[in-house]
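What follows is a protein structure lacking sequence information:
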């Protein structure tokens, strides 16, 4: 199967399921539902659900879209959390981003108050749909993994440190912490959820979790480099936005050349963690996708 | 046991547990943790956890604080959700309340951005701690009940309609919807969680759920009446605040006298739903507490 076909079919699969989970139910809360749908169906690449599917299909040893049905609650929960975090991040009192993917942000379109509630509702819905996983032990383990990834020890913690760090000098350790938590935690959860549903050995789960953390860190460093030297086409947003938001990019702290070398090393480390696993082609593609963005 | 002693001991119990669940873990997210703790330990009466304990202790037929240990995750989750909703409601872009219980609101003390994240983190933590309930079936049912109570069909939905209704003429049905969802849903969940952990018969769960919804609606109507004719001492906040926020109080839609009569009828209905149950004294006390606030 062509890699592009893999990405397209899995993207369609998760989008069909998201559409079902996000069908409006009550005319009174129509606007809130519309805000949630607007944020979720914003042209995103669905990388977290696809990484989750790819991990599971590597573990079961074959690519078979018909076997992914029972994975849909977890796949959609990852995307809902990701969307919720973007809604809240874009708010005027956080990043003040008026656009996302070339369209008005959720709060520009629906107002700040509805945007806050849409984010709250997506976080809640993400956990609600995980209760639909049939095996109870698996369902609870998935909820535990995802709540931890979102918590103060995960994505929210990373965002909190990021906010405090704006307009301040921070060191490389703190920036690393922000990236690992803000981006890495949810990628790690994507792979750990797949391992949990497959009931993988613990050492496999740990290895794949580390793969995800390396990948997330590499992605952020490349993003920072592109923010400095890239164009709108590659970046998907205006370059220079981070530094305008008083966020120190990686490259500012360690220089462009050393940033590139760090990203390359992280991608090499990622590759090494999975190179001996069977059926690893889609995971390797994730590594290559980031490598190809490097200028 | 004196009623006041019951309330005090159960309040202490849940506060000790909240303190444990909210112990800081990471120096980097210290400010976020402080904001969460500030919002949770703000002098609240812990009515939802106490209603939850009272329901359970009525069902098991005795008041014994030593048997409440396993109820603590659910008790604390109710209070975390309640606190999160207050943090987000108080934000400038929603209710713009600068004070709560005579102290600066969370966002005034910690900034808007940290307040948004503290709310997100409390919602997430509420669901995370429910995974600690030992019996898996019970744990999943509790997560299902609480996510639904918080969702677009519950508290968040009520808040969304409330926001849209500000500065608009609304009818009594819509106001009823707002109160039932914004306040009623979490009270209903408090009693349903107790029923679930006790494994009560379905008809008991439904009856007690209706008791909670009536109680919530009565509470809101009394609050609206006090907003018009009450004082700071009874209300716990400045009277007239709702109408200044362009929120139509019940009394404005149906008049003061008819509002009183509606509240009295709801409280009578509540009482009738539980009057034949054994060991119902604390639940009756909840009805009386609201009745006594009526001017």
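Right, received. Where do you want to start? All of these numbers come straight from a predicted model, not from anything done at the bench.

Report the distance from the biggest helix by length in chain A to the chain centre.
Identified as the longest helix of chain A according to DSSP state H is helix A:202-229. Using C-alpha atoms, centre = their mean, to the nearest Å, the mean C-alpha position of helix A:202-229 is found 11 Å from that of the whole chain.

same check, this time on stretch A:198-209
19 Å.

And stretch A:114-132, by the same measure?
Between the centre of stretch A:114-132 and the centre of its host chain there is 16 Å, according to C-alpha atoms, centre = their mean.

Just name the shakiest helix or strand of chain A by mean pLDDT.
helix A:241-244 (a mean of 59; mean pLDDT, DSSP states H and E).

Now stretch A:274-290: buried residues?
A:274, A:280, A:282, A:283, A:284, A:286, A:287, A:290 (16 or more other C-beta atoms under 10 Å in any protein chain shown). Where you see a C-beta, it was placed from the backbone N, CA and C, and this is true even at glycine.

Mind giving me the packing neighbours of the longest helix of chain A?
The contact analysis (3 or more C-beta pairs under 8 Å, 6 or more residues apart in numbering or on different chains; DSSP states H and E) places helix A:202-229 against helix A:47-60, helix A:172-179, helix A:185-198, helix A:232-235, helix A:241-244, helix A:250-254, helix A:256-274, helix A:281-293.

In TSV, list those helices along with distance to residue B:211.
As requested, the helices and strands packed on helix A:202-229 are exported to TSV (distance: least, C-beta to C-beta, whole Å):
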stretch	distance to residue B:211
helix A:47-60	42
helix A:172-179	47
helix A:185-198	39
helix A:232-235	56
helix A:241-244	53
helix A:250-254	57
helix A:256-274	56
helix A:281-293	53
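
what about these, which gets the closest to residue A:10?
Residue A:10 sits nearest to helix A:47-60 of all the helices and strands packed on helix A:202-229, at 4.9 Å, using C-beta to C-beta.

Which element is encountered next along the chain beyond the closest one?
Remark: after helix A:47-60, the chain's next helix or strand is helix A:72-90, criterion DSSP states H and E.

Just want the angle from that next one to helix A:185-198.
In terms of direction (axes from the mean of the first three to the mean of the last three C-alpha atoms, to 10 degrees), helix A:72-90 departs from helix A:185-198 by 170 degrees.

tell me the mean pLDDT over the helix or strand just after helix A:72-90?
Downstream of helix A:72-90, the first helix or strand assigned by DSSP H and E is strand A:99-100. Mean pLDDT, strand A:99-100: 93.

tell me how far strand A:99-100 is from the chain's mean position?
Distance, centroid of strand A:99-100 to centroid of chain: 17 Å (C-alpha atoms, centre = their mean).

ok, then the element right after it?
Using DSSP H and E, the helix or strand that follows strand A:99-100 towards the C-terminus is strand A:103-104.

helices or strands next to that next one in the packing?
For strand A:103-104, there is no helix or strand it packs on, judged by 3+ C-beta pairs under 8 Å, 6+ apart.

Direction included, what does it pair up with?
Strand A:103-104 sits in its sheet next to strand A:99-100 (antiparallel), going by DSSP bridges.

can you list contacts of the strand it pairs with?
Contact with strand A:99-100 is made by A:42, A:86, A:90, A:105, A:106, A:108, A:237, as judged by C-beta atoms under 8 Å, 6 or more residues apart in numbering or on different chains.

so the fourth one makes contact with residue A:90?
Yes - contact status for residue A:105 versus residue A:90: in contact at 4.2 Å, counting by C-beta atoms under 8 Å.

Touching both of these two, which residues are there?
Shared contacts of residue A:105 and residue A:90, defined by C-beta under 8 Å, 6+ apart, comprise A:97, A:98, A:115.

and which of these is nearest chain B?
Chain B lies nearest to residue A:115 out of the shared contacts of residue A:105 and residue A:90, by C-beta to the nearest C-beta, at 8.6 Å.

Tell me the residues of the stretch 101-250 of chain A that contact chain B?
Near chain B, the residues belonging to the stretch 101-250 of chain A are A:111-114, A:116-117, A:119-121, A:123-125, A:127-128, A:131, A:136-137, A:139-140, A:143-144, A:147-148, A:150-153, A:156-157, A:159-161, A:163-164, A:174, A:177 when assessed by C-beta under 8 Å from any C-beta of the partner chain.

Please indicate which of these are buried?
For those, buried by 16+ other C-beta under 10 Å: A:111-114, A:116-117, A:119-121, A:123-125, A:127-128, A:131, A:139-140, A:143-144, A:147-148, A:150-153, A:156-157, A:159-161, A:163-164, A:174, A:177.

farthest-separated two in the buried residues of stretch A:274-290?
A:280 and A:290 (15.6 Å).

Show me just the buried residues among the shared contacts of residue A:105 and residue A:90.
Buried among the shared contacts of residue A:105 and residue A:90 by 16+ other C-beta under 10 Å: A:97, A:115.

what about stretch A:148-160, distance to the chain center?
13 Å.

Between the two ends of that stretch, how far is it?
Stretch A:148-160 stretches 15 Å from its first residue to its last (C-alpha to C-alpha, to the nearest Å).

contact partners of that stretch?
Contacts of stretch A:148-160 (C-beta under 8 Å, 6+ apart): A:81, A:85, A:89, A:94, A:123, A:177-183, A:185-186, A:188-189, B:25-26, B:28-29, B:31-33, B:36, B:114, B:117, B:120-121, B:124-125, B:128.

Any quick PyMOL command for the buried ones out of the residues you listed?
In PyMOL, this line selects whichever of the contacts of stretch A:148-160 come out buried by 16+ other C-beta under 10 Å:
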select buried, (chain A and resi 81+85+89+94+123+177+178+179+180+181+182+183+185+186+188+189) or (chain B and resi 28+29+31+32+33+36+114+117+120+121+124+125+128)
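
okay, the angle between the helix or strand where residue A:113 lies and helix A:185-198?
Taking DSSP H and E as the criterion, residue A:113 maps to helix A:112-130. Per the same axes, to 10 degrees, the angle that helix A:112-130 makes with helix A:185-198 is 20 degrees.

per-residue confidence averaged over helix A:112-130?
Rounded mean pLDDT across helix A:112-130 is 98.

for stretch A:146-157, same thing?
97.

next one: it to chain centre, how far?
When distances are taken as C-alpha atoms, centre = their mean, stretch A:146-157 is centred 13 Å away from the chain's centroid.

Between the two ends of it, how far is it?
14 Å.

repeat for stretch A:178-194
Across stretch A:178-194, the terminal residues are separated by 24 Å (C-alpha to C-alpha).

Average pLDDT for that stretch, rounded please.
Here stretch A:178-194 scores 97 as its mean pLDDT.

Quick check, residue A:195 in contact with residue A:58.
No - assessed by C-beta under 8 Å, residue A:195 is found out of contact with residue A:58, at 10.3 Å.

Can you tell me the closest non-neighbouring residue to residue A:154?
The shortest distance from residue A:154 to any non-neighbouring residue, by C-beta to C-beta, 6 or more residues apart in numbering or on different chains, is to residue A:185 (3.7 Å).

Next, the contact list for the one you found, please.
Contacts of residue A:185 (C-beta under 8 Å, 6+ apart): A:149, A:150, A:153, A:154, A:155, A:158, A:216.

Quickly note the distance from the fifth one to residue B:141.
In this case it means residue A:155. Distance of residue A:155 to residue B:141, computed by C-beta to C-beta, to the nearest Å: 27 Å.

can you check the third one too?
For residue A:153, the distance to residue B:141 equals 26 Å [C-beta to C-beta].

Kindly report the same for the last one.
Counting by C-beta to C-beta, the separation of residue A:216 from residue B:141 is 34 Å.
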